[in-house]
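Asker: Sequence and predicted structure are below.
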Amino acid sequence: MAALAQNRVVSGTVTAKEDGQGVPGVNISVPGTSKGTATDMDGKYQIELAPGENTLTFSFVGFTTQTITVDNRAVIDVALESDSDLLQEVVVVGYGVQSKSDLTGSIASIKPSEITRIPSFNAVQSLQGRVSGVQVYNTSGAPGASPVVRVRGVGTFNNSSPIYVVDGVILDDISFLNPGDIQSMEVLKDASSTAIFGARGANGVIIVTTKLGKTGQEKPTVNVLAEYSIQEVAKTIDLLNGKEFGQITNEIIPGTYNNLNALPNTDWQSLIFRTAPMQNYQVSVAGSGAKSQYYVGVGYYNQEGIIPKSKFERVTLKFNNTYALSDNIKLGNNITLAPYSQQNAPDVVYQAYRAQPLHEPYYSDGSFGAVPNVGNPLASLEYSNNFNSGLRIVGNMFMDVTFLKDFLFRSSFGVDLSNSKSEDFTPAFTVFNPDGTPNQQQNLLSSLSKGSSSSSTLLWENTLNYTKEFGDHRLNVLGGFTMQSTRNEFINIRGSNIIRDFPELRYLNNPLYFYDPTTNPIVNNLSAINNGVDANMYYSLVSYLFRVNYTWKEKYLVTASFRRDGSSKFSPDNRWGNFPSFAVGWNIINEDFMKGVDVMTNLKLRASWGSIGNEKIDYLKQYSLVTSNGNTSPVFGAGSNLVSGTTFDVAGNPNLVWETTYQTDIGVEVAFLNDRLTAEFDYFSKETQDILVPLRTQGYAGNGNGALITVNAGTVLNRGFEFNVSWQDEFKGIKYKVGFVGNTLHNEVLAVGGSKGIDSTLVGGFLGNGQPATLSTIGLPIGAFYGFRTNGVFQNASEINAYPHDANVVPGDLRFVDVNNDGQLTAADRTYIGSPIPTFIYGFNLQLEYKGIELLADFQGQSGNQILNGKEIVRPDPYNFERHVMNRWTGDGTSYYEPRPTFGGYNYSISDRFIQDGSYFRLRSLTLGYSLPSAWTSKISVKQVKVYLRGTNLFTISNFTGYSPDFGSSNVLANNIDNGAYPVARIYTVGLNVTF
Amino acid sequence: MKVYPDMKKHINRGWLIMILVLAAGCQDFLDLKPQGQLLQTSFPVTEADAVAATNAAYASLRNWYFNSGGYPILDIMSDDARKGSSPGDQFSTVGAYDNFTINNQQDGLDRWWAALYQGIKAANIVITYVPDIAMDAGLKNRCIAEARFLRALYYFDLVRAWGGVPLVTSPEPPLDLGRSTLQEVYDNIILPDLLFAKDNLPEANAYAGNDVGRATKGAARAYLAKAYLFYPVPDFVNAEKYALEVINSLQYNLEADFTNATGVLGHFGTESIFEVGARPSDGTENGGAQFGNTQGIRGFPNRGWGFNRPSPDLINSFDANDPRMDKTIIFLGEVLDGITTQGDLTCPDTTYLNSVIIEIECYNQKVWTPGDNVPSQWGHHRRLMRYADVLLMAAEALNENNKPADAHTHLNAVRARARAGAPGGTLPNITETNKDLLRDIILEERRHELAMEGHRFWDLVRTNKALAVLGPLGYTDKYKLLPIPQTQIDLSQGRITQNPGWN
């Protein structure tokens, strides 16, 4: 080794294996030293090595790190393999990893650069329009509101959300996780991949892997990210102005306003919305030592809402480590601590929608103006003080033991700890009418609610893995045993008459008595205490799991999995459930007969079948409980005292079991032209059986009026076709990639309970006036809208007499269709008028890169669904109108679709008049980025400097008259009903990302 | 691996042992009790449980749906009252009872049916489980007797509304029941329960404090008298017997002022034999009863919804100067407790049909409660059985049993109280001895004494006068029994059959 006794220079070119082009900015380090350099614009590098230094590590984002022994070479050219190289790709699956080529299930992966492309605290936002078969929508645009995720449709009348597995810890959400800390997200869709999660996998599984320093990455990589955004409401609702409202009012109640031109005109929407900032900062350090790997990340996220008094703030601390105790024992941990705080605005969106433009927001003395029947939204905001905050700690510690060469035993102990508290304070206030009398918008005594809850999940998982390759055979066998215990307890206290409005006095303290000027001389300020557990967070699970993967000659793949779950949620007789799955795959590309087909680089067929469960159900319904409250108590005695009575509550159903989904999936994967064109197609059909449905019971059973007993009686079908096509190439130095993903979906209720009468339907979507707007029944999608079908407007009395009609209609009213042809218009004529479930969801993603300039555009949309404009229907009092009212009927022949104006009543019965097209096409995200040339940055020892501008939700093409069509509810029976939701904002972002 | 072999061995052995131990302990690990909830298998087991379970059996009486389905439809179906409220309010739901256009899915029937069986279940819990509780024998007997009294009361409502119904005698009945006959319900439930209650309940004066308001021996006797009047073939001998037992017990008297017979000052008073206590707070859960709120003055002073409006026919039927008319009806302009009634200014004050007044705006004064807000109206105590009713039942039975002189005594006691303060010659004593004429006089006296208290419709039906009196309003014979709610027929898969004329 004498030749190595003196310093020497090694040089070469680093290219991408994929296209042979030089890669600038590749980090080249010498393990065990702090020495390092980076490639220049052309991918060339040069480094001086001291004696004894004989290894070089080449690493760059998006490529597989390579470590190369120098020996006595002076020129070392390296071809880096792209991380995304299809056939080499490793995919995280349940309880393990698998090479993509060996996969028999349907799994979609998302990369870090895609995860952080939407400025949000929650990484699931990035799945929208990016993963076929996945729908993401918002329940609210409020800061801190978590979106709803649906994988392959809506599989149950109950909780239809997927589970999340973060570094092996099974969770219900990932709102605590900084998207920047995530290395990859995999969406497990078919039974072959989800059945290993047994009773919890039926609604899909999203596996999240957080970052960890790579082996050999001895020089730490420091990443600094700063993003600043401005949010605004993308669109307001077109409501009548003061003059128009006065005009319409005069037509309803003639002579109400004499001088229309003198009427005030308050645009309430402009008063409640504001532009608001959002900030996101993070610093992370990743690296490794000889026996350890680490990742440490600190994140800070702060979002103000586009409505005042709404805000979300979160700090995330992330610690991931592994330590090799010996060459066969490894310890590790993944820990996230996330303190957060949130302020919630009152529901002023609905108020601003309803408030007549004729009321002034303030009187001349600056006090709040009264808005009859609605309340002044600005006063609602002023007196609202609603906060919640908490700390979430999620993590695990694990030990890997390798023994007898092929065995790997892992034991992991995970926790999900959460403490949260809430505070809602309303001071005493009164808004006065113009005549000086108190308006209904008042709070005579200040009121305070405080809540506190803590929950903990402990999860202990033990798996034994056996991997063996012999000859043409590759075998992987997994067995495991896991236990989980989840506990929760909350306490809520409410009181009134707090002595001062100061924040520091917002506590409820029983011994304090305060003078109450309105009723009694003194009032005990405590009025209600509620203490209990969240039943969704109180259970235990024990599971046994087993899986075999077998590959022969890289061509034929077989996977079988089995999980047996025992759950405390069910009675001992119904406690255990078995969830098997089987799958086969055929790598046709590896067959001899494909040898000559050079144009193709991948061709694979796969098929799977399995059963998976959903245990996220209201299992308390199995218990027959005792109830004691005012309704069960008589009033006795001369003083009319409520005397405690206690009796049986509605009978439970001890026979409840989990819902079971049977899913079949057939997939094809193809790649052409050296993987420039790749495509994946899947057909899936999943049928969920034994869905829990609350059904009426016989009145003489004595359970009370309308009592419902929950039974396993429903069946729902979801089937569809998924595709994911992408093309990537380079044209005159411009690297580009185009991706198109999407899926069709057919959702159909196959059974509810009985086959006819009230047992065959499930109503939901109750509007503010108690009317149900959805009816789920056989042959319709879940949560289908139902109401009257309109057929024009009655033009005159003779038309009314010629049609079945409501007794109270006059000319100008809507004509509803006598659907059952009984010659009468009754409630029985309400029928299917729309579906909240899109039949086609798609995303279109474009990437362009040229000399450090990067342009990313993500389009996304859906079609085939409808939205019920619920906020327009409920009208007990005179409210403002949407613009279309101006097209009203005013006499024979004036309008055939817009009825005469009324402040409510018949024309506001639920009908297809309030059904709107839910289809939309949106530019979800547009990013223009620039990376400084590495030749410049390397001089200041910086690997990469990237600045970018980003627009989110820049434009949306939609016929929907509300704020944003991508909203909905997590309640599948009340989905896509717009009751005045907090709008989703349009966001402009400037960002800086520096990597050292 | 030279350094750590022992550790590895220990670790592996440790995990293995833990797994085995925990796997064996899984059954305990998975046995979780619902938190903060008592299971029905642990109730009722103590003396306090027995009393609490008994109390709950009373709760269905305060349920808005008891005896009505929500709105006082029995009065609305009679000639005493119109639907009320504003003309369009609940026109198709409640109005259908007023003009006899209901169908087998009519709003309210299902709620009434369910509320009664809910009360029966609460009573059956006491009757089934309390006998096995180790507790004071006297109290145990009283609890069971209270429950059996209440069960009889609920069934009595059921049979009068629907005839023979499913006979449920346990908290968890079989779910394949059909209807029992009317005779079976009386003979197997109503009469034995009331007789047991009569034998085991204390007299009213034995109760004190928060026991005041519980079922009494007197209440059981009074309902026995009433049950025998409604019996498929009326049994006037037994009706007379039990009515006289109430009278002779000397536990009750007429209130001096007719207003107090149903008003606030007579709560649990001398005339009250069985009443539904309520608190002046809105919400059943807060102790309020919506029965009064449903009928309270609409408009000003705002006391409620104004349903069950006294009819012109009722107003005109009172004898001249009968003070009860003014004490039964709130007219516009009437001053009560210093408040002038203006009523609903958006409603017509007078409604005509073919130039005949069919309705004037007025309200049921018997549910009036003093106070200054809507919740005060929730505090009306509904009198289900009062002494005047017993006196009139006694008079009716005595007349049928050919004892007109004795009938006069009780009938005239009611009239004497009624005429207090009226000009001389008002409501003179009755001396009629012709049985048929006296029968009609007593029925007319019931109408005026008990107007707007829910008795009139069933009195007309049981005396076979309904068709003659209510026919002009739309009544037909099928209305003797209400339709069984179609929902219940569907849920029973046809085991429960419909009443004649309602399919």
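Answerer: Done, it's in.

Asker: CA atoms for contacts and neighbours, from now on please.
Answerer: Fine.

Asker: Going along the chain, name the helices of the stretch 401-503 of chain B.
Answerer: Listed in chain order, the helices of the stretch 401-503 of chain B (DSSP state H, counting those that start in this stretch) span B:404-419, B:435-449, B:456-462, B:466-470, B:486-491.

Asker: Pull up the gap between the spatially most central residue of chain B and B:Val94, please.
Answerer: The residue lying closest to the centre of chain B (CA atoms, centre = their mean) is B:Asn67, at 4.6 Å. Separation of B:Asn67 from B:Val94 (CA to CA, to the nearest Å): 14 Å.

Asker: A:Ala935 now?
Answerer: Using CA to CA, A:Ala935 is found at 86 Å from B:Val94.

Asker: what's the nearest residue to A:Tyr786 once chain neighbours are set aside sitting at in phi/psi?
Answerer: The spatially closest residue to A:Tyr786, leaving aside those adjacent along the chain, is A:Tyr832, at 4.5 Å (CA to CA, 6 or more residues apart in numbering or on different chains). Backbone torsions for A:Tyr832, taken as degrees, to the nearest 10, come to phi -60, psi 130.

Asker: Identify the residues contacting stretch B:433-450?
Answerer: B:318, B:324-325, B:388-389, B:392, B:395-396, B:399-400, B:402, B:404-405, B:411, B:414, B:432, B:455-456, B:459 (CA atoms under 8 Å, 6 or more residues apart in numbering or on different chains).

Asker: got the CA coordinates for that stretch in PDB?
Answerer: The C-alpha trace of stretch B:433-450 is given here as PDB (Å, rounded to 0.1, in the frame of the first residue of the first chain):
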ATOM      1  CA  THR B 433    -135.100  11.500  37.800                       C
ATOM      2  CA  ASN B 434    -135.700  10.200  34.300                       C
ATOM      3  CA  LYS B 435    -132.700   8.000  33.700                       C
ATOM      4  CA  ASP B 436    -132.100   8.900  30.100                       C
ATOM      5  CA  LEU B 437    -132.500  12.600  30.600                       C
ATOM      6  CA  LEU B 438    -130.300  12.600  33.700                       C
ATOM      7  CA  ARG B 439    -127.700  10.700  31.800                       C
ATOM      8  CA  ASP B 440    -127.600  13.500  29.300                       C
ATOM      9  CA  ILE B 441    -127.500  16.100  32.000                       C
ATOM     10  CA  ILE B 442    -124.500  14.400  33.600                       C
ATOM     11  CA  LEU B 443    -122.700  14.200  30.300                       C
ATOM     12  CA  GLU B 444    -123.300  17.800  29.700                       C
ATOM     13  CA  GLU B 445    -122.100  18.600  33.200                       C
ATOM     14  CA  ARG B 446    -118.900  16.600  32.500                       C
ATOM     15  CA  ARG B 447    -118.500  18.700  29.300                       C
ATOM     16  CA  HIS B 448    -118.600  22.000  31.300                       C
ATOM     17  CA  GLU B 449    -116.800  20.900  34.400                       C
ATOM     18  CA  LEU B 450    -114.000  19.100  32.600                       C
END
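
Asker: What about contact with chain A: does the longest helix anywhere in chain B have any residue there?
Answerer: Using DSSP state H to define each element, chain B has its longest helix at helix B:137-162. No. Helix B:137-162 is not in contact with chain A by CA under 8 Å from any CA of the partner chain; minimum separation 11.0 Å.

Asker: What residues sit buried inside that helix?
Answerer: Neighbour counts over helix B:137-162 (16 or more other CA atoms under 10 Å in any protein chain shown) mark B:140-162 as buried.

Asker: Could you do stretch A:592-610 as well?
Answerer: A:600-610.

Asker: check contacts around residue 155.
Answerer: Just going to use chain A. Taking CA under 8 Å, 6+ apart as the test, what A:Gly155 contacts is A:202-203, A:661, A:687-688, A:716-718.

Asker: let's do chain B instead
Answerer: B:Tyr155 sits next to B:116, B:120, B:185, B:189-190 when contact means CA under 8 Å, 6+ apart.

Asker: So which residues of the stretch 51-200 of chain A form helices?
Answerer: Under DSSP H, counting those that start in this stretch, the stretch 51-200 of chain A gives helices at A:112-115, A:191-194.

Asker: Kindly report the same for chain A.
Answerer: Taking DSSP H as the criterion, chain A carries its helices at A:112-115, A:191-194, A:242-252, A:268-272, A:348-354, A:377-382, A:797-802, A:870-873, A:934-937.

Asker: Just the buried positions in the last one, please.
Answerer: Within helix A:934-937, the residues that qualify as buried by neighbour count (16+ other CA under 10 Å) are A:934-935, A:937.

Asker: what residues are up against the nearest residue to A:Tyr879 once chain neighbours are set aside?
Answerer: Spatial nearest neighbour of A:Tyr879, excluding adjacent residues (CA to CA, 6+ apart): A:Arg354 at 4.9 Å. Residues in contact with A:Arg354 (CA under 8 Å, 6+ apart) are A:374, A:879-881.

Asker: Could I get those in a markdown table, plus columns for pLDDT and neighbour count?
Answerer: A markdown table is the format used below for these (pLDDT from 0 to 100; neighbours: other CA atoms under 10 Å in any protein chain shown):
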| residue | pLDDT | neighbour count |
| --- | --- | --- |
| A:Val374 | 92 | 20 |
| A:Tyr879 | 93 | 21 |
| A:Asn880 | 95 | 25 |
| A:Phe881 | 96 | 24 |
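
Asker: In strands, which of these appear?
Answerer: The members of the contacts of A:Arg354 all map outside strands under DSSP state E.

Asker: burial measure for residue 230, as a count.
Answerer: As the question left the chain open, I've gone with chain A. Burial measure for A:Ile230: 19 neighbouring residues, criterion other CA atoms under 10 Å in any protein chain shown.

Asker: Not quite, go with chain B.
Answerer: For B:Phe230, the count of nearby residues is 22 (other CA under 10 Å).

Asker: B:Arg462 is in contact with that one, correct?
Answerer: Yes. Proximity of B:Phe230 to B:Arg462 meets the contact threshold set by CA atoms under 8 Å, at 6.3 Å.

Asker: Residues of the stretch 651-800 of chain A that sit close to chain B?
Answerer: So the stretch 651-800 of chain A meets chain B at A:696-706, A:757-758 (CA under 8 Å from any CA).

Asker: One more pass at 6 Å, please.
Answerer: Contact residues, the stretch 651-800 of chain A versus chain B (CA under 6 Å from any CA of the partner chain): A:698-700, A:702-705.

Asker: Thanks again, I'm all set now.
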